[in-house]
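Enquirer: below: sequence and its predicted model.
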Amino acid sequence: GMVVALLYGWAAVAQAYRGWKIPLPPAAWERAIPWLTVGGMAVAGYLAYVETQDVPAVCGPLGDCNDVQSSPYASFLGLIPVGWLGLIGYVSIFLAWLWVKSQRGLLKGWAGVTLFGLTNFGLLFSLYLTYLEPFVIRAVCLLCLTSSIIMTLLFLLSIETFLDALANEETQRASR
């Protein structure tokens, strides 16, 4: 599903350059972005706590979060716990969303580009981590999958903001 969402988002952007329009989630759904980021912060914060405090994770009846959290892939480049990266990512996405909501004109466009870029990177990184779980680590973390689903939804909801930013840039160029 994450790959399909990524391809869908990129196709929507490519089609927008051609003047075509792919159906996107309703604009009203964008109101879910702050709630999703708060949920993502909670999940990533808990995983960061588990990774840094060396305590067992409580992750429910499915999977084995502790095997995933104790794998060499639980830290980025062996230095930064992935949970902390997720927490930083979700906070950054929340701040970018606030930036989109508080700006007008060119700055709003940059905010939309930033929001889309952060969710795009987050989805790519989540896709990589989700691939590692069953195929390399041979364990699945329900909390990690929850974070991946949240990031996928954030990516899908940020497409419209990005396309609006592109359209506003084109409008500003045409008026010059």
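Expert: Looks like it arrived, so ask away.

Enquirer: tell me what the helix ranked longest in the chain is packed against?
Expert: Longest helix in the chain, counting residues (DSSP state H): helix 142-175. Judged by 3 or more CB pairs under 8 Å, 6 or more residues apart in numbering; DSSP states H and E, helix 142-175 is in contact with helix 2-17, helix 32-53, helix 65-69, helix 82-102, helix 105-132. (Each C-beta comes from the backbone N, C-alpha and C, glycine too.)

Enquirer: let me know which of those is the nearest to residue 75.
Expert: With CB to CB as the measure, helix 82-102 is the member of these nearest residue 75 (6.4 Å).

Enquirer: now do the closest one, average pLDDT.
Expert: Taken as a whole, helix 82-102 has a mean pLDDT of 95.

Enquirer: going forward, count from 23.
Expert: Noted, 23 is the first residue going forward, which turns the last one into helix 104-124.

Enquirer: tell me the buried residues in the longest helix of the chain?
Expert: Within helix 164-197, the residues that qualify as buried by neighbour count (16 or more other CB atoms under 10 Å) are 164-188, 190.

Enquirer: so how far is that helix from its chain's centroid?
Expert: Chain-centre distance of helix 164-197: 9 Å, with CA atoms, centre = their mean, to the nearest Å.

Enquirer: how big is the angle separating the helix or strand bottoming out on mean pLDDT in the chain from helix 127-154?
Expert: One helix or strand of the chain scores below all others by mean pLDDT, DSSP states H and E: helix 164-197, with a mean of 85. Orientation check (axes from the mean of the first three to the mean of the last three CA atoms, to 10 degrees): helix 164-197 against helix 127-154 gives 150 degrees.
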